[in-house]
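J.: Sequence first, predicted model second:
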Amino acid sequence: MNIRKIIISAWVLLVAGCGGNRKAEQFTALPFPDVVPPSMLEDPVSLAEHMALHWWDGLTDPSRAYPCDSLLVSGVARGEVEQKFADWTNVLNMVDISVAGKAMGHLYDRVASCEKKDTSSNVFETFASLVERYLYDPNSPLRNEDHYALYASRLADSDLVEDVMKEKYAREVSLAALNRVGTKAADFRFADKNGRIRRLYDVDAELTLLFFSNPGCTACKDIIDVLNHDPDISRLIKDGRMAVLNIYIDEDLQSWRSYMPIYPEHWYNGFDPDMVLRGDTVYSVRAIPSLYLLDSEKNVIMKDAPEARLFDFLARLQ
């Protein structure tokens, strides 16, 4: 990804009216205050780290003067702020988790300062909403539970958040802590179509793709088709470099067995005989399909990975 191209992208200015009981006034939205990286930053890693840490500095400057309008965020059109947030999540994926943690903490401190300076500001609420929608919603193509937990942990301990919401964030942080990237994946038992019991850690391969799926799930079938027919990814499987562990975690075993002809025979296809994977104590599978990529030692490389990100990663392993 071209970081500088993201930084200098131009946006159309929008016009919005100031709400409330006052006579409506017309305001022209301010341009997003893009951060300009120091010229001495040449290598992609340093550039990405700088952008991750300082992306929001201009928008969240507590001294920033901006027009009053619910359609604006610190003077910038909401739609533009949302697009910039989506761009920023891609930058976060380029940096180490420790840098992402600093970036999330820096953002929280700045939006909290905005809220404390002016409680009528919508900056604090806007970022809490964007973080949850883009990084935690199971249907978001940009989701990343580890990044979400970095911000949600600050909200869970914030005096700017109501107690009921603090409890919600604390629970989500606890669930997101399961099987974090870089940690050992939790082992579990599974049974194949013949009732033979095996364990995740019995799977011996350079990579293991842990695929939580349901019979009849359209998105699951799309993933199966890519794994079978994409030349680069299917080669990883055929060459034995990547094993696919396809697990059904619900109760309708009759439907699961009837779908068996769809599942490739050379995959590990199984169900959860202990019915523990449906709960929140082992994997917290929030939606189907859900994909995890593990290394040879069963360390988590990717967690609940969006399909496009996973497929791109696998295609580049050749």
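T.: The structure has been received and is ready for your questions.

J.: Name the residues of the one helix or strand residue 254 maps to that come out as buried.
T.: Using DSSP states H and E, residue 254 falls within helix 253-258. Within helix 253-258, the residues scored as buried using 16 or more other Cβ atoms under 10 Å are residue 256. The C-beta positions use only the backbone N, C-alpha and C, and glycine is treated the same way.

J.: which one is residue 105 nearest to, not counting chain neighbours?
T.: residue 154 (6.7 Å; Cβ to Cβ, 6 or more residues apart in numbering).

J.: quick one: that neighbour is in a helix?
T.: Yes: the assignment for residue 154 by DSSP: H, G, I helix; E, B strand; the rest coil puts it in a helix.

J.: which residues does it contact?
T.: Counting by Cβ atoms under 8 Å, 6 or more residues apart in numbering, residue 154 touches 104, 105, 108.

J.: Okay, and the first one sits in which element?
T.: When secondary structure is defined using DSSP H and E, the element that contains residue 104 is helix 97-117.

J.: who are the neighbours of that helix, in terms of helices and strands?
T.: Packed against helix 97-117 by the contact rule (3 or more Cβ pairs under 8 Å, 6 or more residues apart in numbering; DSSP states H and E) you find helix 44-54, helix 123-135, helix 145-156.

J.: just the angle between that helix and helix 44-54, please?
T.: 20 degrees (axes from the mean of the first three to the mean of the last three Cα atoms, to 10 degrees).

J.: from here on, count from 7
T.: From this message on, residue numbering opens at 7, which makes the last subject helix 103-123.

J.: and the angle for helix 103-123 with helix 129-141?
T.: 150 degrees.

J.: Which of the residues in helix 103-123 are classified as buried?
T.: Within helix 103-123, the residues that qualify as buried are 105-110, 112-114, 116-121, counting by 16+ other Cβ under 10 Å.

J.: now, among the residues you listed, which is nearest to residue 277?
T.: residue 106 (35.4 Å; Cβ to Cβ).

J.: show me what contacts the spatially closest residue to that closest one that is not a sequence neighbour?
T.: Spatial nearest neighbour of residue 106, excluding adjacent residues (Cβ to Cβ, 6+ apart): residue 98 at 4.9 Å. Applying Cβ under 8 Å, 6+ apart, we find residue 98 in contact with 58, 106, 109, 150, 153.

J.: Apply 10 Å and report the result again.
T.: 54, 57-58, 61, 105-106, 109-110, 141, 148, 150, 152-153, 156 (Cβ atoms under 10 Å, 6 or more residues apart in numbering).

J.: Need the per-residue pLDDT for residue 247.
T.: Listed pLDDT for residue 247 reads 97.

J.: surely it meets residue 213?
T.: Yes: with contact defined as Cβ atoms under 10 Å, residue 247 reaches residue 213; the gap is 6.2 Å.
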